[in-house]
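**Student:** Structure for the following, please:
(2 chains)
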Amino acid sequence: MEHVIEMLNIRKEFPGIVANDNITLQVKKGEIHALLGENGAGKSTLMNVLFGLYQPEQGEIRVNEQVVQITSPNIANDLGIGMVHQHFMLVDPFTVTENIILGKEPSKFGKVNVKEASEEVRKLSERYHLSVDPDAKIADISVGMQQRVEILKTLYRGAEILIFDEPTAVLTPQEIKELITIMKALIKEGKSIILITHKLKEIMEVCDRVTVIRKGKGIGTVNVKETNPNELASLMVGRDVVFKTDKSAATPQEVVLEVKNLEVKDSRGVSAVHNLDLSVRAGEIIGIAGVDGNGQSELIEALTGLKKVTNGIISLNGKQIQNMKPRKITEAGVGHIPEDRHKHGLVLDFSIGENIVLQTYYQEPFSSGGILHSKKIFDKARTIIKEYDVRTPDEYTPARALSGGNQQKAIIGREVDRNPDLLIAAQPTRGLDVGAIEFIHRRLIEQRDAGKAVLLISFELDEIMNVSDKIAVIYEGEIVAIVDPKETTEQELGLLMAGSKRPEAGEREHV
Amino acid sequence: MSKYFYKLTSPLFAVILGLLAGAIIMLVSGYNPVEGYGAMLAGIAGDSYYTGETLRTIIPYILAGLAVAFAFRTGLFNIGVEGQLIVGWLAAVWVGVAFDLPKIIHLPLAILAGAVAGSLWAFIPGFLKAKFRVHEVIVSIMLNYTALYVTNYLIQNVISDNQDKTERIAETASLRSPFFESLTDFSRLHWGIFIAIICVFIMWFILEKTKTGFELKAVGFNQQASEYSGMSVNKNIILSMVISGAFAGLAGAMEGLGTFGYAAIKGGFTGIGFDGIAVALLGANSAIGVVLAAFLFGGLKAGAINMPLQTGIPSEIVDIVIALIIFFVASSYFIRWIVQRFKKGAK
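**Tutor:** The predicted structure follows:
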């Protein structure tokens, strides 16, 4: 079969580093080709070379067997290469159609013909089973829909080769399934896809072949049918990776967190959490499984004092803490790895050192008499950076400059170092690569073994199954079941998360 | 080294471009730019009197710049510095007129009154923002007018008996400096220059060294993360406005106790508060940057007074020339970009 894209022996240097060193990527027509590598391995650089944003120092690119010079994204577009970005490039107050035609508006005498365009978008959408409403406003549609708009945008511009940059990072499990269907439909219509990812499961599920790169070097291309996740992971990381994090059986002790009959209203005043009972003991990890938007965020915000509780009790070590100020709750012994590290976890413009004392800056030894002691602050930062393997040039570097994984390690270091009795970890591994995930899971289990209570909230079923000692399933703001990860299956969890009660719901135990 | 080189050269380059543009305007209007700039330079530092007056002009610019910069650093846009300055001016003068105290008490009391009045005036938008999320820009703009007319009323009807200005402040409340007068040929340069310098240090110290500054900056950068980490966002918004207002009030006190020695009915704004916004932005909202920007601003303003006198260039053209220079400095980002383009092209 012919190759639609060939990138042969590509080398791209930046001052001080070689981002791509002799990488070869060959994509056949009508296949889904995965590009696999850790964060910072050089995947994005390679794709930016293909998309005309960077010029390679060496190597050649062929599209449909013709040698081409791609010096700008416009040329890439003309060659039929389209990119579905990880961070959507959409204008919120505009409609789907307006976004799609942006920059390529069909116009007559300066008047944009939106109606005609809208009809064309509708046809495209039907042809690829995208079910996108061309007249909906971007602000009103879900993240999954927005992604489809991005896909439509490339199709509207006549793309034959679609690059998907980490498309599932922002999606719920349901939306991921739908995306996979869409990708398969695209292939059927003769398109070719390059999928940038570090999620092995997705590769195994949809891809035909996979090219692995590690630290800027091409490791090779393998057929998905002839490989397995373990092999791929070790190709990617360069060593064997343990998926099942080793852990001994939990030894639960006294109850640390007790939630009774909790009710929390969301920003619109609708109760997002109600009748919620939950307890977490010292020395165990409770995982909360559920589809996004079933009250997880509100539960966390209530537990950490960021949102008012309208009814019910939250007690920590026997002391009621509901509706206390976040600082009091922190001081009472709660650590919190927040869901959104950029929004809540870090002040991105502060140095990494300042971020490490974000909750403790006012205490000895970091300050006294209202004066900060920088030396103490940055000493502490150095210890945590070292202990948690945060890769940063130094402790004065702004948090913004660090990669996601290293930002997350710094947050985890900060939270764990405060030695809280209860550690709340919300989506702790979102967007991280296998190596970092492994590291973070180990740390959570370490905390458990040190006799702390750990509450893990995640949309990744693998993570919940792998790390938790008990799984509480949340559905529409209620805990609908508590199951043992050793005795359940993904199918059963999936059903529970979708709202079907277990047959033996009556004997729902209280942990 | 190249980083610092850029930091230094690009504003310098900008000033030169601004001067060139100003020269073109003067040429087109039929005046001699060399004479014009000569007169400006003479007005800035021609002799000791002019130097003294230039320094005197810089004092309130520094303080107004600090006020705007402080609020900016904590994520707030205090456009009400003008109003806070006006109430600070009147409050300081009022204390200066109304009391009869030894200097060691009277002068600090009058200065403090200016700062407190400015703080209180800034507290209002801070409080409304914290409590009801009313945007501080709207409230503080309105309060500028309120300050102007309320102080005019007070001067005319309460402090004086239908006069258009207050009595002179008591000598015990004055910042006037016989020492500086003798040094600068009787310019109005006063002790306030030291207060301004102390305030520059205070701003730097609060923001960089104290836990209050840590909180203020954190809230300015990211309210959600600040709340997550247990800081009170509302308290810090109010505190930031109050501190900013104190700097603004002090700027007014400097005018009242140092330059003029009284408060007069104003037909319009002093403009210092608004120029403070430009000073803060030019100074990149840092304490030391504000000082440099205030020197540029104050220098241009002081020099401009001399241009029509010596060369007959109309003051309107002088204003345009000054505006051009500031415009070019403010677009130093743009200039940096041009320089980089240029280098790339050369390569």
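**Student:** drop to CA atoms for contacts and neighbour counts, all remaining ones
**Tutor:** Noted.
**Student:** lowest confidence element among the helices and strands of the chain?
**Tutor:** Here I'm looking at chain A. Ranking every helix and strand in chain A by mean pLDDT, DSSP states H and E puts strand A:107-108 at the bottom, with a mean of 72.
**Student:** State the next helix or strand along the chain beyond that strand.
**Tutor:** Following strand A:107-108 in sequence order, the next helix or strand is strand A:111-112 (DSSP states H and E).
**Student:** tell me what that following strand is packed against?
**Tutor:** The contact analysis (3 or more C-alpha pairs under 8 Å, 6 or more residues apart in numbering or on different chains; DSSP states H and E) places strand A:111-112 against no helix or strand.
**Student:** Quick one, grab the pLDDT at B:Y49.
**Tutor:** We have a pLDDT of 91 for B:Y49.
**Student:** now it: how far from B:D185?
**Tutor:** Distance of B:Y49 to B:D185, computed by C-alpha to C-alpha, to the nearest Å: 5 Å.
**Student:** So which of these two has more stuff around it?
**Tutor:** In this view B:Y49 and B:D185 are compared by other C-alpha atoms under 10 Å in any protein chain shown, and B:Y49 has more residues nearby, 21 against 14.
**Student:** ok, and the closest non-adjacent residue to B:Y262?
**Tutor:** B:R168 (5.0 Å; C-alpha to C-alpha, 6 or more residues apart in numbering or on different chains).
**Student:** give me the element the one you found is part of.
**Tutor:** Going by DSSP H and E, B:R168 is not in any helix or strand.
**Student:** and it, what does it touch?
**Tutor:** B:V97, B:G261, B:Y262 (C-alpha atoms under 8 Å, 6 or more residues apart in numbering or on different chains).
**Student:** ok, the residues you listed vs A:I100, which is closest?
**Tutor:** A:I100 lies nearest to B:Y262 out of these, by C-alpha to C-alpha, at 64.5 Å.
**Student:** so that closest one makes contact with B:E171?
**Tutor:** No. Applying C-alpha atoms under 8 Å, one finds B:Y262 not in contact with B:E171, separated by 11.5 Å.
**Student:** Neighbour count for those two, which is higher?
**Tutor:** Counted by other C-alpha under 10 Å, B:Y262 and B:E171 do not tie: B:Y262 has more neighbours, with 23 against 17.
**Student:** Quickly note the distance from that one to B:A253.
**Tutor:** 10 Å.
**Student:** Find the residues that touch each one of these two.
**Tutor:** Joint contacts of B:Y262 and B:A253 (C-alpha under 8 Å, 6+ apart) are B:V93.
**Student:** Not counting its own residues, what contacts the least confident helix or strand of chain A?
**Tutor:** With C-alpha under 8 Å, 6+ apart, strand A:107-108 has contacts from A:N113.
**Student:** Tell me, how many residues neighbour whichever residue of the stretch 1-150 of chain B sits closest to chain A?
**Tutor:** Here the residue of the stretch 1-150 of chain B nearest chain A is B:R73; by C-alpha to the nearest C-alpha that distance is 11.6 Å. When neighbours are counted by other C-alpha under 10 Å, B:R73 registers 21.
**Student:** quick one: it and B:V219 touch, right?
**Tutor:** No. If you go by C-alpha under 8 Å, B:R73 and B:V219 don't touch, sitting 9.5 Å apart.
**Student:** Now for the residue of the stretch 401-511 of chain A found nearest chain B: which residues touch it?
**Tutor:** Closest contact between the stretch 401-511 of chain A and chain B, by C-alpha to the nearest C-alpha, is at A:E415 (10.8 Å). A:E415 makes contact with A:G335, A:H336, A:I337, A:L423, according to C-alpha under 8 Å, 6+ apart.
**Student:** Return the distance of stretch B:144-154 from the chain's centre.
**Tutor:** In this view, stretch B:144-154 has its centroid 20 Å away from the chain centroid, taken as C-alpha atoms, centre = their mean, to the nearest Å.
**Student:** Could you do stretch A:381-400 as well?
**Tutor:** That offset, for stretch A:381-400, works out to 22 Å (C-alpha atoms, centre = their mean).
**Student:** Only alpha carbons, please: show that stretch as CSV.
**Tutor:** The C-alpha coordinates for stretch A:381-400 follow below in CSV (Å, rounded to 0.1, in the frame of the first residue of the first chain):
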residue,chain,number,x,y,z
ALA,A,381,11.5,24.0,48.0
ARG,A,382,14.9,22.4,47.3
THR,A,383,14.2,19.4,49.6
ILE,A,384,10.8,18.8,48.0
ILE,A,385,12.1,19.2,44.4
LYS,A,386,14.8,16.7,45.2
GLU,A,387,12.6,14.2,47.0
TYR,A,388,9.8,14.3,44.5
ASP,A,389,12.0,14.4,41.5
VAL,A,390,10.6,17.7,40.2
ARG,A,391,12.6,18.5,37.0
THR,A,392,13.2,22.2,37.1
PRO,A,393,16.3,24.3,36.4
ASP,A,394,16.0,25.7,39.9
GLU,A,395,13.5,26.6,42.7
TYR,A,396,13.2,30.2,41.4
THR,A,397,11.8,29.1,38.0
PRO,A,398,8.2,30.2,37.5
ALA,A,399,5.8,27.3,37.9
ARG,A,400,4.5,28.1,34.4
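**Student:** which residues are in contact with it?
**Tutor:** In contact with stretch A:381-400 (C-alpha under 8 Å, 6+ apart) are residues A:346-357, A:378, A:402, A:406-407, A:409-410, A:413-414, A:417.
**Student:** Just the buried ones from those?
**Tutor:** Buried by 16 or more other C-alpha atoms under 10 Å in any protein chain shown: A:346-357, A:378, A:402, A:406-407, A:409-410, A:413-414, out of those.
**Student:** who does the helix ranked longest in chain B touch, helix- and strand-wise?
**Tutor:** The residue-count maximum for a helix in chain B (DSSP state H) belongs to helix B:103-132. For helix B:103-132, the packing partners by 3+ C-alpha pairs under 8 Å, 6+ apart come out as helix B:81-98, helix B:136-153, helix B:233-254.
**Student:** Would you reformat those as JSON lines and include distance to chain A?
**Tutor:** JSON lines is the format used below for those (distance: least, C-alpha to the nearest C-alpha, whole Å):
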{"stretch": "helix B:81-98", "distance to chain A": "26"}
{"stretch": "helix B:136-153", "distance to chain A": "23"}
{"stretch": "helix B:233-254", "distance to chain A": "12"}
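**Student:** Go through those and name the closest to A:M7.
**Tutor:** Distance to A:M7, taken as C-alpha to C-alpha, is lowest for helix B:233-254 among those, at 51.9 Å.
**Student:** tell me the angle that closest one makes with helix B:103-132.
**Tutor:** On the basis of axes from the mean of the first three to the mean of the last three C-alpha atoms, to 10 degrees, helix B:233-254 is oriented at 140 degrees to helix B:103-132.
**Student:** Let me see the mean pLDDT of helix B:233-254.
**Tutor:** Computed over helix B:233-254, the average pLDDT equals 96.
**Student:** same thing with stretch A:375-384?
**Tutor:** 95.
**Student:** tally of neighbours for B:I105?
**Tutor:** Count around B:I105 with other C-alpha under 10 Å applied: 12.
**Student:** in chain A, which ranges drop under the pLDDT threshold?
**Tutor:** Applying pLDDT under 70 to chain A flags residues A:1, A:16, A:241-245, A:501-511.
**Student:** looking at it, which residue ends up farthest from its center?
**Tutor:** A:F109 (45.0 Å; C-alpha atoms, centre = their mean).
**Student:** Need the phi and psi values for that residue.
**Tutor:** Dihedral angles of A:F109 (phi, psi; degrees, to the nearest 10) stand at phi 50, psi 40.
**Student:** Now do the contacts for it.
**Tutor:** Neighbours of A:F109 in contact, by C-alpha under 8 Å, 6+ apart: none.
**Student:** and what of the one 3 residues further on?
**Tutor:** Applying C-alpha under 8 Å, 6+ apart to A:V112 gives the contacts A:E105, A:P106.
**Student:** is it true that A:D21 touches A:I219?
**Tutor:** No. A:D21 is beyond contact range of A:I219, at 10.5 Å (criterion: C-alpha under 8 Å).
**Student:** So these two - more neighbours on which side?
**Tutor:** It is A:D21, of A:D21 and A:I219, that has more neighbours when counted by other C-alpha under 10 Å, with 23 against 19.
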